[in-house]
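>>> everything below, folded, please.
(chains A and B, ligands or ions: 2)
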Amino acid sequence: MENFIFGRYMPGNSLVHNLNPAMKILISFYFIVIVFFANNYLTYALLFFLCFISLYLSKISFGFFLKGIRPLILLIIITVLLQLFFSAGGHIYFSFWIFKITSLGLISAAYIFMRFMLIITISTLLTLTTSPLAISYGIEKILSPLKKIHCPVDTIALMISIALRFVPTLTDEATSIMNAQRSRGVDFGNGNLVKRIKSLIPLLVPLFVSAFKHADELSVAMEARGYSPEMKRTKFKSYLIGMNDYISMMLFFVISLMIIFFRN
Amino acid sequence: MLNNIIEVKNINFKYNDSETKTINNISFNIKTGEWVSIIGHNGSGKSTLIKLLDGLVQLDSGSISMNGDEINEKNVNKIRKNIGLVFQNPDNQFVGATVEDDIAFGLENYQFSRDEMIKIIDNVLDLVDMQKYRKHEPSKLSGGQKQRIALAGVLALNPKILILDESTSMIDPQGRNNILNVIDEFSRKSNMTVISITHDVEEIKLSNRVLLLSNGELVEDTSPEKLFENVKDLEEYALELPFSAQLSKYLIKHKLQLPNRYMNEGELIECIKKLYLKM
Ligand SMILES: Nc1ncnc2c1ncn2[C@@H]1O[C@H](COP(=O)(O)OP(=O)(O)O)[C@@H](O)[C@H]1O
Ligand SMILES: [Mg+2]
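Ligands and ions are numbered 1, 2, ... in the order given. Predicted structure coming up:
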């Protein structure tokens, strides 16, 4: 699990790290959408080229990246094999019981594989180069038009960032509760499934009690510091939209135009 | 009558699910710039009393005035801005994901501009000597450092009154002295009033006045000197001797030749060294 990098953040100071988080999230979604427009080798090649540039500019080593997404590749291969064996059409190369390998099946399996690779690369790159806090800021910015229909976007973003801030606190507590329970003879992670699940109870109950205590005291502390969900607040964190943001937007836009042009 | 920054008159309060009154007919005044310690056993109503002062829970009867304005639902926000509250558990008051974000939280609530925030955060980080930790996450700080950030967060709003609810009880003696020194200096400079709930004798010595609460009643309003003269049994007042005093008491009990008076840690270490050389 140590090397598994999907969804993790790697602090750094590259061009990609310093892009505006809202922009980065939007560009990633835009990329995922255009992946579905690609339908021949040239268009896929363009997309891989784009991924490669982004990865290069993020200064994350290529080998590290590949090793990190390896666990996901198993998942992709299963999907690709299903596609390969069960899709019909075109020339039949091989057939056994309900399995057949056809020319169309081969092609669509190859496309599915490439789509998966592209989507995983871009989304992993997004989380690797954007801190959780920046992601919650980005989401808030993107959703801010919803404020017009009285959706409490600020409150939701604050909730996300407080939840993220408490992850290490609760992890530490979970560790000390586990140690305390172990010293009383609780056996975590051994035996059959039912036993293992049962052994989680002495961990989860105190953890929940403590989480509620945190929440209770934190809400009083927040109110004492002048927080009120109805009031307007100013913002300390701000991410400017710089030249690099415009350039990357242009790059993705141009490539998407080329894809529309070159697709069959 | 601006001499009294806080005037509390015959206040009563009971939690919905409790049978007896948590606060029973308490009255007192606090002068501007005074440092007041509140002592008493657990459950005597100390935390409830300060929640009432900050308008975090509502009075059943009686009145509380701050700077001559009686607290009501309308002005509670304005009054709260003048009161800084630091609680016991540092983890449960850290809102931001980093030190500077956390200090900014209170400033954002009171709608300071970004430029003002940057300046103020810089100042208070110097004040609590945590400039180096500006970008650190709370999980990477010690308990004492977290409390210093909590203090910085409330001092950022330049409060007229600082209230500490056992703020130093979960941190080591050095961290405690550190925080108390910062507060002492700041309160002298800006004539800030300090109310501190504590069990620590050293902290009480810093104060001008001591209020003793018992079962929701104010049973004593005295000076630290008078309190220590009259106290025969510290336990009765839920007080703890400082660590050095506890240790020397223990050592004397075990027949070590130590002077039977209060010594701080440095003096005690010197005494023990001398004893050790004689042996
Ligand atoms: N939120 C609450 N709801 C109901 N009862 C409470 C609540 N908070 C405190 N109490 C009760 O009020 C009494 C005084 O509590 P508190 O003010 O926290 O005392 P202290 O701070 O002196 O230890 C205690 O008996 C406590 O159980
Ligand atoms: Mg208390």
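>>> which residues of the stretch 151-279 of chain B lie near chain A?
The stretch 151-279 of chain B has residues B:153-154, B:157 near chain A, with proximity defined as Cβ under 8 Å from any Cβ of the partner chain. C-betas here are computed from N, CA, C, even on glycine.
>>> let's see if you can find the most crowded of the residues you listed.
Among these, B:Gly153 has the most neighbours (other Cβ atoms under 10 Å in any protein chain shown), with 27 neighbours.
>>> show me where pLDDT drops low in the chain?
Just so you know, I chose chain A. A:1-7, A:88, A:90 (pLDDT under 70).
>>> look at chain B instead
B:1-2, B:231-235, B:241-242, B:262, B:279.
>>> what's the spacing between the closest residue to ligand 1 within chain A and B:Ile272?
Taking Cβ to the nearest ligand atom, ligand 1 has its nearest neighbour within chain A at A:Asp216, 8.1 Å off. To B:Ile272, A:Asp216 is 44 Å away according to Cβ to Cβ, to the nearest Å.
>>> who has more neighbours, these two?
Neighbours per residue (other Cβ under 10 Å) separate A:Asp216 from B:Ile272, with B:Ile272 holding more: 15 against 11.
>>> what segments of the chain are strands?
You didn't pick a chain, so chain A it is. Using DSSP state E, the strands of chain A run over A:92-96, A:99-102.
>>> let me rephrase: I mean chain B.
B:4-13, B:23-31, B:35-39, B:61-66, B:69-70, B:83-86, B:161-165, B:193-197, B:209-214, B:217-222.
>>> in CSV: these, plus mean neighbour count.
Below are those laid out as CSV (neighbours: other Cβ atoms under 10 Å in any protein chain shown):
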stretch, mean neighbour count
strand B:4-13, 18
strand B:23-31, 17
strand B:35-39, 23
strand B:61-66, 17
strand B:69-70, 12
strand B:83-86, 25
strand B:161-165, 24
strand B:193-197, 23
strand B:209-214, 21
strand B:217-222, 15
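>>> any idea which of the ones you listed gets closest to A:Asp245?
With Cβ to Cβ, the closest approach to A:Asp245 among the strands of chain B belongs to strand B:83-86: 39.2 Å.
>>> returning to what we had before: columns distance to chain B and mean neighbour count on top of the strands of chain A, output as a markdown table?
Output for the strands of chain A, formatted as a markdown table (distance: least, Cβ to the nearest Cβ, whole Å; neighbours: other Cβ atoms under 10 Å in any protein chain shown):
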| stretch | distance to chain B | mean neighbour count |
| --- | --- | --- |
| strand A:92-96 | 55 | 10 |
| strand A:99-102 | 51 | 16 |
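>>> in a markdown table, list the ones you listed along with distance to ligand 1.
A markdown table is the format used below for these (distance: least, Cβ to the nearest ligand atom, whole Å):
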| stretch | distance to ligand 1 |
| --- | --- |
| strand A:92-96 | 70 |
| strand A:99-102 | 65 |
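>>> same list, those strands, but as a markdown table with distance to A:Leu75 please.
Output for these, formatted as a markdown table (distance: least, Cβ to Cβ, whole Å):
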| stretch | distance to A:Leu75 |
| --- | --- |
| strand A:92-96 | 24 |
| strand A:99-102 | 20 |
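>>> excluding its backbone neighbours, what's nearest residue 14?
Using chain A here. Spatial nearest neighbour of A:Ser14, excluding adjacent residues (Cβ to Cβ, 6 or more residues apart in numbering or on different chains): A:Lys59 at 4.2 Å.
>>> let's do chain B instead
B:Lys21 (4.9 Å).
>>> next, the one you found: phi, psi?
In terms of degrees, to the nearest 10, the main-chain angles of B:Lys21 are phi -70, psi 130.
>>> touching, B:Phe28 and B:Leu211? I think so.
Yes. Using Cβ atoms under 8 Å, B:Phe28 is in contact with B:Leu211, at 6.5 Å.
>>> for the spatially closest residue to A:Pro152 that is not a sequence neighbour, grab the count of nearby residues.
If the residues on either side of it in the chain are set aside, A:Pro152 comes closest to A:Pro229, at 6.9 Å by Cβ to Cβ, 6+ apart. For A:Pro229, the count of nearby residues is 10 (other Cβ under 10 Å).
>>> gap between A:Pro229 and chain B?
Distance, A:Pro229 to chain B, using Cβ to the nearest Cβ, to the nearest Å: 11 Å.
>>> coming back round to it: any shared contact partners between B:Phe28 and B:Leu211?
By Cβ atoms under 8 Å, 6 or more residues apart in numbering or on different chains, B:Phe28 and B:Leu211 have these common neighbours: B:218, B:221.
>>> tell me how far B:His136 lies from B:Gly84.
22 Å.
>>> B:Glu7 too?
Distance from B:Glu7 to B:Gly84, counting by Cβ to Cβ: 19 Å.
>>> what does A:Ile259 give?
57 Å.
>>> how's chain A carved up into domains?
A:21-143+A:240-262, A:153-224 (automatic domain parsing).
>>> go through those and pick out the most buried.
domain A:21-143+A:240-262 (a mean of 16; mean count of other Cβ atoms under 10 Å in any protein chain shown).
>>> list the residues that contact the residue nearest to B:Lys14.
B:12-14, B:216.
>>> how about the contacts made by B:Gln257?
Here B:Gln257 is in contact with B:Leu275 (criterion: Cβ under 8 Å, 6+ apart).
>>> err, B:Ser248, not the other one
Applying Cβ under 8 Å, 6+ apart to B:Ser248 gives the contacts B:258, B:263, B:268, B:271.
>>> which residue ranges of the chain form helices?
All of this refers to chain A. Using DSSP state H, the helices found in chain A span residues A:21-35, A:41-57, A:62-86, A:103-129, A:132-143, A:153-183, A:193-224, A:243-262.
>>> wait, I meant chain B there
Going by DSSP H, chain B shows helices at B:46-53, B:76-81, B:99-109, B:114-127, B:143-155, B:173-190, B:201-205, B:224-230, B:243-253, B:265-278.
>>> contacting residues for the residue nearest to A:Ser14?
Counting by Cβ under 8 Å, 6+ apart, A:Lys59 has contacts A:12, A:14, A:16.
>>> relative to A:Thr124, how far out is it?
Here A:Lys59 is placed at a distance of 15 Å from A:Thr124 (Cβ to Cβ).
>>> next one: A:Leu66
Distance of A:Leu66 to A:Thr124, given as Cβ to Cβ: 11 Å.
>>> again, but for A:Ile259
The value you get for A:Ile259 to A:Thr124, if Cβ to Cβ is used, is 22 Å.
>>> ok, now B:Glu116?
Applying Cβ to Cβ, the value for B:Glu116 to A:Thr124 is 39 Å.
>>> and B:Tyr15, by the same measure?
For B:Tyr15, the distance to A:Thr124 - Cβ to Cβ - is 51 Å.
>>> I figured A:Leu125 hits A:Ser54, correct?
Yes. In this structure, A:Leu125 is within contact of A:Ser54 by Cβ under 8 Å, at 5.8 Å.
>>> quickly list what's touching both of those two.
Shared contacts of A:Leu125 and A:Ser54, defined by Cβ under 8 Å, 6+ apart, comprise A:Val16.
>>> what residues are up against B:Glu100?
Contacts of B:Glu100 (Cβ under 8 Å, 6+ apart): A:236, B:121, B:125, B:134-135.
>>> hmm, back to that, my read: the residue nearest to A:Pro152 touches A:Met159, true?
No. Applying Cβ under 8 Å as the test, A:Pro229 and A:Met159 come out as separate, 10.3 Å apart.
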